[in-house]
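quick one: sequence plus predicted model below, questions after.
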Amino acid sequence: MLNKTSGRVALCGVLAALMLVVMLFGTMIPLSTYACPALAGAISIPVIWELGAKPGCLLYLVVSILSLFMSPDKEAAFLFLFLLGWYPILRPKLQHLTKKPVRVVVKLAIFNLAICLVYALLLFVLTMPDLQAEAAHWTGLLLSGMLLLGNVTFLLYDLMLARMTDLYVYRLRPKLFPHRF
């Protein structure tokens with residue numbers, strides 16, 4: 001099925017629709033500003049595994065643009081656009097770093113740069129009033145604690161992506177595409 005262009009387009013279209021629905025759930029479910037973009041990014045694993053990084057990038061771009069236009073939760077859309085949407089595409093490349101401490105430091109540096117960019121854009125460029133009112137009460141200690149907790153959460157997200165990739169490759173893929181084995 002995936003040898004034909006129609007099969008590839010169908011797989012990308014169905015997963016793009018599913019990713020967009022997950023992104024839109026972020027507005028309906030409280031406290032899902034971070035969980036929905038993370039789950040939407042993980043949904044791209046089959047496209048990355050079966051079709052490669054280029055179709056994965058196109059899928060990411062389509063869902064990012066649609067999320068920016070359709071999702072009322074701009075914070076979640078920006079998190080997907082600047083970090084959680086493209087990280088599953090980059091992750092297999094980072095896994096080729098041989099030394100684990102170097103790999104972890106690179107991943108955390110990517111996370112910290114991306115998260116600082118997201119909140120700088122949200123606070124100073126888009127000037128979201130709700131977020132600015134909340135940020136007015138942040139202290140240096142609170143920001144440090146949130147960033148530390150964010151780093152731990154990102155490492156757990158990276159581990160979750162590894163487990164979901166294994167689940168897809170070893171459990172789901174043989175059932176979905178039996179002719180490939």
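In hand now; what should we look at? What you see is a predicted model; the values in this text were computed from it and never measured.

what lies in contact with the helix or strand bottoming out on mean pLDDT in the chain?
Every helix and strand of the chain was ranked by mean pLDDT, DSSP states H and E. The lowest is helix 129-135, at a mean of 73. Identification of contacts with helix 129-135 by Cβ atoms under 8 Å, 6 or more residues apart in numbering yields 75, 122, 123. (Each C-beta comes from the backbone N, C-alpha and C, glycine too.)

so what pLDDT did the first one get?
Looking back up the chat, that one is residue 75. Looking at residue 75, its pLDDT stands at 87.

ok, now which ones touch it?
33, 118, 122, 128, 131.

and which of those residues is nearest to residue 105?
Using Cβ to Cβ, residue 118 is the member of the contacts of residue 75 that lies nearest residue 105, at 20.4 Å.

contacts only, for the closest one.
Counting by Cβ under 8 Å, 6+ apart, residue 118 makes contact with 75, 78, 79, 82, 83.

repeat for residue 64
By Cβ under 8 Å, 6+ apart, the neighbours of residue 64 are 77, 80, 81, 85.

how does it look with 6 Å?
Going by Cβ atoms under 6 Å, 6 or more residues apart in numbering, residue 64 touches 81, 85.

what strand or helix carries residue 41?
In this structure, residue 41 sits in helix 35-42 according to DSSP states H and E.

what's the answer for residue 104, then?
Assigned by DSSP H and E, residue 104 falls in helix 100-120.

okay, that helix in CSV with CA atoms only?
Taking Å, rounded to 0.1, in the frame of the first residue of the first chain, the C-alpha atoms of helix 100-120 are listed here in CSV:
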residue,chain,number,x,y,z
LYS,A,100,24.7,9.2,26.3
PRO,A,101,25.7,12.3,28.5
VAL,A,102,26.4,14.3,25.3
ARG,A,103,23.1,13.2,23.8
VAL,A,104,21.2,14.2,26.9
VAL,A,105,22.9,17.6,27.1
VAL,A,106,22.2,18.3,23.4
LYS,A,107,18.5,17.3,23.9
LEU,A,108,18.2,19.6,27.0
ALA,A,109,19.9,22.4,25.2
ILE,A,110,17.4,22.1,22.3
PHE,A,111,14.5,22.0,24.7
ASN,A,112,15.7,25.1,26.7
LEU,A,113,16.3,27.1,23.6
ALA,A,114,12.9,26.2,22.1
ILE,A,115,11.0,26.8,25.3
CYS,A,116,12.6,30.2,25.9
LEU,A,117,11.8,31.1,22.3
VAL,A,118,8.2,30.1,22.7
TYR,A,119,7.6,32.1,25.8
ALA,A,120,9.5,35.1,24.5
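
what about it, average pLDDT?
Mean predicted confidence for helix 100-120 is 94.
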